[in-house]
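>>> Here's a sequence, model it:
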Amino acid sequence: MDSTADMFTPGPWKAAMSFQNNGPDYYTVYDGPTSFNRTTIATVTTAHNARLIAAAPDLLEAAKRVHDDLVDCGMDSHAKILWEVITKAEDR
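Numbering: from 1, shown residues only. Sure thing, here's the model as predicted:
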């Protein structure tokens, strides 16, 4: 499979609550060791969405590994399901 290094901001990503003085709080998904030295990946209004987005690099890598294992085991119909998700994430 192709490397996603050129396609995505490398993980790990983290999620943290951000505070507004005059508005609703929100959640920022970012890379980097701290929220002060980072690239913002996404800004969302719920913690659930922030955690899901932050898990995306790990989920994609896991999907690729499981896909390869399924192919090696001859479970092509199951591998096809994962391949569809992988291609959706990688916009192939």
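
>>> which element follows the strand or helix carrying A54 toward the C-terminus?
Secondary structure from DSSP states H and E places A54 in helix 47-72. Using DSSP H and E, the helix or strand that directly follows helix 47-72 along the chain is helix 76-90.

>>> and that next one, which residues are buried?
Residues A79, L82, W83, I86, A89 are the ones in helix 76-90 that count as buried (16 or more other C-beta atoms under 10 Å). Every residue, glycine included, has its C-beta placed from N, CA and C.

>>> Any chance of JSON lines for the residues you listed, columns distance to T40?
Putting these into JSON lines (distance: C-beta to C-beta, whole Å) gives the following:
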{"residue": "A79", "distance to T40": "34"}
{"residue": "L82", "distance to T40": "29"}
{"residue": "W83", "distance to T40": "30"}
{"residue": "I86", "distance to T40": "25"}
{"residue": "A89", "distance to T40": "19"}
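
>>> of all these, which comes closest to D31?
A89 (16.9 Å; C-beta to C-beta).

>>> quick one: contacts for that closest one?
The contact partners of A89, taken as C-beta atoms under 8 Å, 6 or more residues apart in numbering, are A56, L60, A63.

>>> could those residues go into TSV alongside pLDDT?
Output for the contacts of A89, formatted as TSV (pLDDT from 0 to 100):
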residue	pLDDT
A56	94
L60	94
A63	96
